[in-house]
Every structure is written in C-alpha cells, then in structure tokens.
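Novice: model the following, please.
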Amino acid sequence: DIVFNYFDNLPANDREGKFIRAIYIGVLALMEDRISAFLSKTSNELGTELESLKMIFEMKKELFYKSAIKGNLAEEEVADFLNKYFKEKRLKDQAFLTGNSTGSIPKNKTGDIVCEVEGNSKLKIVIECKFDKSVKIGDIESKNIFTRKSDTAWSQLIESQANREAKVSLIVFDISLIDNSVLKKFENVGYIPGIGFIAVIDSQKGDYSNLAIAYMLARDIALNAREFELDKDLLAILVNRIIKDLNEITSIRNLVQNNIENNKAILKQLEKSILLMEFNQEYMRKFLSDGTLTKQDLLSFYSGEEVKDKFKLVEKEIEDEFSTTEKI
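Specialist: The predicted structure is shown next:
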C-alpha cells in the first residue's frame with residue numbers, strides 16, 4: 001500500500017526516475033541490514049523524499065509495536081514464513097491461522113497457528129505468538145495460584161496444546177518485545193521438558209531462523225515420540241508414603257484452634273496447604289489410575305483456579321468462626 005500510494009500520487013512522467021531511485025535506496029537499505037539505521041544515516045544525502053519515507057517507516061513501526069495490530073501481523077508473518085519454509089524444504093506440512101477461532105476449550109482462542117505435520121490433521125504442532133514484554137516464564141516452581149491470573153510462557157504452551165489438541169506446542173517471542181527474564185534464560189531456542197519449545201525471532205531484521213530450528217525439533221518429537229509404560233505400583237508405594245506424612249498436617253488444625261488469638265494467620269495458611277494437598281492428591285490419584293494426565297488436566301493443575309475458589313470460601317468461614325468466638 002505504501003509503494004502504490006507513493007507512485008499513484010506522482011505525475012506519470014516522474015514515475016520512472018523515482019522508481020530507479022526507490023530501487024537504489026532499497027538495495028542500500030538491505031545492504032545496511034537495518035532500514036532504520038540506514039535512513040537516519042543517509043537522510044541528508046537523498047533529499048526530502050527520503051524524509052517522507054523515513055516518517056512512514058517510523059509511523060508503521062509505532063503502529064506495529066504499540067497497538068493490537070502487532071498480534072495479527074506477527075501471526076500472519078510467522079505463518080507465511082513457515083509455509084514458505086515448508087515449500088523450500090519440500091515438506092508436506094501446512095501452517096493455518098487459528099487465532100480467531102475457538103478450540104476444544106469453550107470460548108478459548110489460545111493457539112494462533114496450527115501446523116499439520118505431513119498434512120496429517122491428527123498430528124499437529126501449535127504455535128502461540130507473544131510479542132509482549134509482560135509475559136514471564138511462569139515456571140511451576142515459582143507459580144503462586146492465589147495471585148491474579150496472567151499469561152506466562154508455561155501457561156500459554158500448556159493451554160494452546162490443550163485447546164488445539166496438538167502433539168507439541170511452541171511459543172514465539174520477538175527480540176524487541178520480550179521480558180528480560182525470558183531472554184536471559186532462552187536467548188535463541190529453548191525447551192521446557194514436557195511443556196514445549198520457545199523461539200526468539202527478530203522480526204525487524206526478518207530473521208526467523210530460530211523459529212525454523214525450534215519447529216524442526218518440535219516436528220521430530222511429534223513424529224517420533226512414543227508412549228511408555230509407567231510402573232504405577234512402584235510409584236504408588238512412594239507417593240502413598242508421602243501422602244501419609246502430608247496428611248498429618250491436618251492434626252495441627254486442632255492445636256491451632258485452641259490458640260485462636262495468636263494463630264489466626266497460621267490457620268489460614270494451614271487451610272491453604274491442606275487445600276493444595278487435597279488438590280495435588282486428586283491429580284496424583286488420576287495420574288496413578290490413568291498413567292498420564294491430559295493436557296486439559298495439566299492446564300487445570302497448573303492454573304489451580306479450583307483451589308483458589310475453594311480457599312475464598314474457607315477464608316470466609318475462618319473469619320466468621322473467629323468473629324463468633326471473639327463475641328462469645
């Protein structure tokens with residue numbers, strides 16, 4: 001649109017000369033690698049037309065990085081790159097934009113691009129594009145399910161895989177729009193075991209090489225991953241002993257209730273721990289029974305929304321109970 005509008009507004013007899021200059025400027029820009037640096041360096045040499053071009057470039061860049069348009073553009077560019085890459089490598093894979101349609105989770109559109117491996121609609125790799133500095137890693141060790149829910153690399157990988165019923169998930173970040181904690185841990189390509197892949201691209205340079213590497217690794221897993229048989233009986237022995245010891249925490253509740261004034265905060269924390277224990281135990285039983293967890297189960301386990309809701313009720317009951325005791 002920019003190119004067409006520029007030449008459309010020129011007199012017909014001026015177009016050929018401007019066209020030659022445009023090619024010359026474009027080639028120099030490619031040689032300079034980054035067009036913004038090139039424009040700043042040569043603006044005085046090439047005249048007022050270049051200033052207009054620079055202004056348009058900066059405006060488009062501003063529009064991309066500070067509006068919701070960046071999300072759609074990012075998804076389209078990633079999908080376009082992948083389809084060209086598949087054609088170049090003579091792969092039968094296909095990338096489809098799916099970010100505007102809901103998946104298997106009701107009212108959920110997570111999972112921007114779905115790639116069908118070897119054209120097989122049942123063998124899918126899902127890709128989530130996150131050009132957003134607010135997205136953290138969100139590993140489960142540091143996850144606090146009682147805080148406000150927010151998107152993380154972990155949550156988006158798990159959620160997109162569950163929502164699109166994919167074999168493997170991949171999240172794409174842009175080097176200019178990425179949280180420092182993510183970039184520090186995953187500078188180029190990363191893998192979170194059992195969760196998915198991370199690729200850091202540079203869209204300003206048109207460098208999607210890390211995406212290609214991450215995709216091919218994900219593709220190998222999708223094609224070659226095999227189910228293994230878990231020794232559930234042995235695991236049950238270990239886990240049941242752990243659960244037995246954890247259950248003894250409940251006996252502390254009675255002791256705490258005898259010291260209401262000084263242990264109100266402790267009782268809340270214990271109730272929270274008990275809820276977490278019961279929640280974890282529920283999913284452990286399901287795991288021992290089925291030998292695995294579905295991606296939707298894993299998403300529920302990761303988010304812990306169920307525990308958060310239960311704790312609100314328990315917290316209110318504790319407050320009411322203490323209020324009654326204090327009145328007595």
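
Novice: switch to C-alpha atoms for all contacts and neighbour counts from now on
Specialist: Will do.

Novice: show me where the chain has its strands.
Specialist: 94-97, 113-116, 124-129, 168-174, 189-192, 196-201 (DSSP state E).

Novice: single out the most deeply packed of those strands.
Specialist: Compared across these, strand 124-129 shows the largest average neighbour count, a mean of 28 (mean count of other C-alpha atoms under 10 Å).

Novice: and that strand with strand 196-201, angle?
Specialist: Angle of strand 124-129 versus strand 196-201, following axes from the mean of the first three to the mean of the last three C-alpha atoms, to 10 degrees, is 50 degrees.

Novice: and strand 124-129, how far from the chain's centre?
Specialist: 10 Å (C-alpha atoms, centre = their mean, to the nearest Å).

Novice: direction included, what does that strand pair against?
Specialist: Note on strand 124-129: by DSSP bridges, its sheet partners are strand 113-116 (antiparallel), strand 168-174 (parallel).

Novice: for Ser251, give me the pLDDT.
Specialist: For Ser251, the model assigns a pLDDT of 68.

Novice: residues contacting Ile125?
Specialist: 114-117, 161, 166-170, 218-219, 222 (C-alpha atoms under 8 Å, 6 or more residues apart in numbering).

Novice: name whatever forms a beta bridge with it.
Specialist: Bridge pairing for Ile125 - DSSP bridges - gives Cys115, Val168.

Novice: separation between it and Leu170?
Specialist: 7 Å (C-alpha to C-alpha, to the nearest Å).

Novice: overlap in contacts of the two?
Specialist: Common contact partners of Ile125 and Leu170 (C-alpha under 8 Å, 6+ apart): Ala218.

Novice: how about low-confidence regions in the protein?
Specialist: 28-73, 227-228, 244-247, 250-251, 253-264, 322-328 (pLDDT under 70).

Novice: longest helix in it, please.
Specialist: helix 260-290 (DSSP state H).

Novice: what helices or strands is it leaning on?
Specialist: Packing partners of helix 260-290 (3 or more C-alpha pairs under 8 Å, 6 or more residues apart in numbering; DSSP states H and E): helix 232-247, helix 250-257, helix 305-327.

Novice: about what we covered before: distance to Ser300 added to the strands paired with strand 124-129, as a markdown table?
Specialist: Listed next are the strands paired with strand 124-129 as a markdown table, based on distance: least, C-alpha to C-alpha, whole Å:
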| stretch | distance to Ser300 |
| --- | --- |
| strand 113-116 | 22 |
| strand 168-174 | 17 |
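
Novice: and those strands: which comes nearest Asp8?
Specialist: If you check each of these against Asp8 by C-alpha to C-alpha, strand 168-174 wins as the nearest, at 34.0 Å.

Novice: got the CA coordinates for that closest one in CSV?
Specialist: What follows is strand 168-174 as a C-alpha-only set of coordinates in CSV (Å, rounded to 0.1, in the frame of the first residue of the first chain):
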residue,chain,number,x,y,z
VAL,A,168,3.7,-30.4,20.7
SER,A,169,3.5,-26.6,21.4
LEU,A,170,5.8,-23.8,20.6
ILE,A,171,5.7,-20.1,21.7
VAL,A,172,7.4,-17.3,19.6
PHE,A,173,8.8,-14.1,21.1
ASP,A,174,10.3,-11.1,19.3
